[in-house]
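> Dropping a prediction and its sequence here:
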Amino acid sequence: MNTLLSAAAASQPGDGGTDRTGQVLAIRGGRPLVGRVEVKGAKNLATKAMVAALLGETESVLRDVPDISDVQVVRSLLEVHGVTIDDDGDGVLRLDPSGAVSAHMEEIDAHAGASRIPILFCGPLLHLLGQAFIPDLGGCRIGDRPIDFHLDALRAFGATVDKLPSGIRLSAPNGLHGADITLPYPSVGATEQVLLTAVRAKGTTELRGAAIEPEIMDLIAVLQKMGAIISYEPNRVIFIEGVDSLRGYDHRCIFDRNEAASWACAALATDGDIFVGGAKQPEMLTFLNVFRKAGGDFDIREDGIRFRRGGDVKPVVVETDVHPGFMTDWQQPLIVALTQAQGTSTVHETVYENRLGFTQALNKMGADIVVHPEGIASPDRRVARRALEQAAVVNGPTPLHGADVVVPDLRGGYSYVIAALAAEGESTVRNVEIIRRGYEKFLDKLTALGADFDVLE
C-alpha cells in the first residue's frame, strides 16, 4: 500500500455566509473605513492543530476555525488520508483519525504545490504509517523557504530521506527516536515539525533555537491536551518527552493577530476607525508600540481593540524579526499607512528576502518607496543583520491614486486593497482570491466597513 502525501486539492472555502468570491475588484477609494470586524482563530495555528489531530487515537474538536482556503487545503489532505471531518458551519471542526490510511498519489496529486503545509504531515504520518511523500511546496512567493531545516530534523529522528524527481520520500522502518536538535534560525515551520514529530518519538528531544511565537505556544497547548509532555525553558529551548500514545483534544484557536494588525493598518492608512473584535493586547504588544509611534491610537477592551489615527501619521523605523519582534506579516500593510507619514520611514525586512517586491505597485499608485536590495547598515539597529535582508525607505506624505495592480501574495494583496481604498479614484485589483488564504469573509468585512467596490469576475 502506498503511503503518499501531496498537497491536496486547493478547493476554495464555502460561501461563509454572504461572502463573495472574485478574482478582480474595482475599488473606489478616498473614504475612511469605519465599523467593526471580527477575527477568528489564527491561520498559523488552526492548520497546524488540524495536522496534530492525526496523532490522536480519539476525536479532536477544534473551535474558532477560520473559513479560509488554507484550512480547506489541510482538510482535503486529512480527508484523503481517511480522517473524517465534520463541520458545524460556525467554525467548529470535529476530526476523527480512527480511519486514517495511506493515500494513493492519483487521489491527491491534482493540486500538488497548493500549500506549504504538507511538510508538517511527515512526522505524524511516519508515526502512523511508517512512510510519507511530499511534492514540491507551494505558497506565497515571498522568498526562499528551504525545507532543509525540516529534513535535517527528520533525519535526526531516524527518518530516511530520499529525494526523487517528483518530490521527497521519507521512511522510518525502525520507528523514530528522540534527538538533540539545534536550529540555525528560529524557524516557525521547523519548530512545528520537531514538536509534531517528537511527541511520539521514543525518548527525549531537546530543541534549541526554537521559535516561540504565540501560535507555537498554542500548538504546544494542543499537544499537551493530547497527552504530550513538553516544557519550555529560557533561551528558546524546548524539551519533549516522547509518549506511546496520544488522545484527541478540545481546543479553541488563538486569535489571528496578523489579521488584527492588518485591519489596524487599514484604519491608519484610510484615516478610519475600526474595532477588531477578538483581538487581544498581550500577543500584539510589539505591534501596538509601533502603531502608536506611527501616529495610531487604540483602545483596549475586553472583547477587542479599537484602532484609529491619533493625529498625523508619523515616520518610524521598523525592523522585522521573529517573535517577540515585529512580525514580517505586519510590515506590508503598515508600509501602506507610512506612505501618508509626515517624513521618511525605514522598514528593515530581515525575515524574507523578497517581501518588499510589492512596493513597486504602491509606487505605481503614487508612493515614493525605494527598496535597498542588500539592506541598510545602521549603528542603531537592534536586530542582527542577515545576508538576505532588504530595506524599504518610504518618503511621505504622498497622495495615492488609482491604478491597475495584480496581487502577488497574501499580505501584499491585502496591502494593495487597502492602498486602493486610501487612494483617490478607481483601482482595479486582480488575483484577489489569494487573499482568501488568510482572511475570512474578506469582501463582507470590507462592505461592513463602508468600502466602495465591485466584484468584476
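Thanks, I have it. Predicted model, so just to flag it, every value in this text is computed and none were measured. Numbers count the residues shown, from 1 in each chain.
> Poorly predicted segments of the stretch 351-457 of the chain, please.
Counting by pLDDT under 70, the stretch 351-457 of the chain contains no low-confidence range.
> Could I have the CA atoms of the host helix or strand of residue 153 written out in CSV?
Residue 153 belongs to helix 148-156 when assigned by DSSP states H and E. Output for helix 148-156, consisting of C-alpha atoms alone and laid out as CSV, is shown next (Å, rounded to 0.1, in the frame of the first residue of the first chain):
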residue,chain,number,x,y,z
ASP,A,148,16.4,21.7,4.8
PHE,A,149,15.6,22.5,8.4
HIS,A,150,12.7,20.1,8.3
LEU,A,151,14.6,17.3,6.6
ASP,A,152,17.6,17.6,8.9
ALA,A,153,15.3,17.4,11.9
LEU,A,154,13.5,14.3,10.5
ARG,A,155,16.9,12.6,9.8
ALA,A,156,17.9,13.3,13.4
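> any residues touching that helix, and which ones?
119, 122-123, 126, 161, 168, 170, 179-181, 183-185, 187, 189-190, 193-194, 197 (C-beta atoms under 8 Å, 6 or more residues apart in numbering). The C-beta positions use only the backbone N, C-alpha and C, and glycine is treated the same way.
> mind redoing it with 7 Å?
119, 122, 161, 170, 179, 181, 183, 187, 189-190, 193-194, 197 (C-beta atoms under 7 Å, 6 or more residues apart in numbering).
> same thing with stretch 167-180?
Under the contact criterion C-beta under 7 Å, 6+ apart, stretch 167-180 has outside partners 122, 126-127, 130-136, 154, 156-162, 197-198, 201-206, 242.
> Next, residue 165: phi, psi?
Here the main-chain torsion angles of residue 165 (degrees, to the nearest 10) amount to phi -60, psi -30.
> Quick check: the gap between it and residue 135.
In this structure, residue 165 and residue 135 are 11 Å apart, going by C-beta to C-beta, to the nearest Å.
> Repeat that for residue 340.
In this structure, residue 340 and residue 135 are 43 Å apart, going by C-beta to C-beta.
> and if you look at residue 234?
If you measure residue 234 against residue 135 using C-beta to C-beta, the figure is 38 Å.
> Compare those two and say which is more crowded by neighbours.
When neighbours are counted by other C-beta atoms under 10 Å, residue 135 comes out ahead of the other of residue 234 and residue 135, with 22 against 5.
> Tell me the confidence at that one?
Per-residue pLDDT puts residue 135 at 70.
> Against residue 117, how distant is it?
With the distance defined as C-beta to C-beta, residue 135 ends up 12 Å from residue 117.
> which residues does the residue lying closest to residue 182 once chain neighbours are set aside contact?
Counting by C-beta to C-beta, 6 or more residues apart in numbering, the nearest residue to residue 182 once its immediate chain neighbours are dropped is residue 208, at 4.3 Å. If a contact means C-beta under 7 Å, 6+ apart, then residue 208 has 182, 236, 237 as its contacts.
> quick one: the first one and residue 209 touch, right?
Yes - in this structure residue 182 lies within contact range of residue 209 using C-beta atoms under 7 Å: 5.4 Å.
> Look at these two and report which has more neighbours.
Each of residue 182 and residue 209 had its neighbours counted (other C-beta under 10 Å), and the higher figure belongs to residue 209 (18 against 13).
> so where do the strands sit in the stretch 301-450 of the chain?
304-309, 317-319, 344-349, 368-372, 390-395, 404-406, 426-430 (DSSP state E, counting those that start in this stretch).
> Between these, which one is closest to residue 355.
Distances from residue 355 to each of those were compared using C-beta to C-beta; the shortest belongs to strand 344-349, at 5.3 Å.
> Could I get the buried residue list for the closest one?
Using 16 or more other C-beta atoms under 10 Å as the burial criterion, the residues of strand 344-349 that qualify are 345, 346, 347, 348, 349.
> could you dump the residues you listed to TSV with pLDDT and distance to residue 26?
Formatted as TSV, the entries for the buried residues of strand 344-349 read as follows, by pLDDT from 0 to 100; distance: C-beta to C-beta, whole Å:
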residue	pLDDT	distance to residue 26
345	98	30
346	98	33
347	98	29
348	97	35
349	96	31
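> Please identify which pair of the residues you listed lies farthest apart.
Using C-beta to C-beta, the pair of the buried residues of strand 344-349 lying farthest apart is 345 and 349, separated by 12.9 Å.
> Residue 122 contacts residue 133, correct?
No - with contacts defined as C-beta under 7 Å, residue 122 does not count as touching residue 133, sitting 9.1 Å away.
> What segments of the protein are helices?
Counting by DSSP state H, the chain has these helices, from start to end: 43-52, 69-80, 105-108, 122-129, 148-156, 188-198, 214-225, 257-270, 285-293, 328-338, 359-364, 410-422, 442-448.
> right, and the ones you listed - which one's nearest residue 87?
Counting by C-beta to C-beta, residue 87 lies closest to helix 69-80 out of the helices of the chain; the figure is 8.2 Å.
> Could you name the helices and strands sitting against that closest one?
Applying 3 or more C-beta pairs under 7 Å, 6 or more residues apart in numbering; DSSP states H and E, we find helix 69-80 packed against helix 43-52, strand 84-87.
> now do 6 Å
Under the contact criterion of 3 or more C-beta pairs under 6 Å, 6 or more residues apart in numbering; DSSP states H and E, helix 69-80 touches helix 43-52.
> Tell me which residues of the helix it packs on come out buried.
Of the residues in helix 43-52, those scored as buried under the neighbour-count criterion (16+ other C-beta under 10 Å) are 43, 44, 45, 46, 47, 48, 49, 50, 51, 52.
> again with stretch 324-332
326, 327, 328, 329, 330, 331, 332.
> Take those and write them to CSV, including pLDDT and distance to residue 270.
Written out in CSV, the entries for these read as follows (pLDDT from 0 to 100; distance: C-beta to C-beta, whole Å):
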residue, pLDDT, distance to residue 270
326, 98, 22
327, 97, 22
328, 95, 23
329, 95, 20
330, 97, 17
331, 97, 18
332, 96, 16
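> out of the residues you listed, who's nearest residue 88?
Checking the buried residues of stretch 324-332 against residue 88 with C-beta to C-beta, the nearest one is residue 329 at 28.8 Å.
> From residue 311, how far off is the nearest residue to that closest one once chain neighbours are set aside?
Nearest in space to residue 329, with sequence neighbours left out and distances taken as C-beta to C-beta, 6+ apart, is residue 258 at 4.6 Å. The spacing between residue 258 and residue 311, counted by C-beta to C-beta, is 26 Å.
> Residue 330 now?
For residue 330, the distance to residue 311 under the criterion C-beta to C-beta works out to 21 Å.
> Also residue 357?
Between residue 357 and residue 311 the computed distance is 31 Å (C-beta to C-beta).
> Now do the helix holding residue 153: distance to the chain's middle.
When C-alpha coordinates are averaged (C-alpha atoms, centre = their mean, to the nearest Å), helix 148-156 and its chain have centres 22 Å apart.
> Same check on stretch 39-49?
Computed by C-alpha atoms, centre = their mean, the chain-centroid distance of stretch 39-49 equals 8 Å.
> Let me know whether residue 416 touches residue 428 as I believe.
No - with contact defined as C-beta atoms under 6 Å, residue 416 and residue 428 do not form a contacting pair (10.3 Å).
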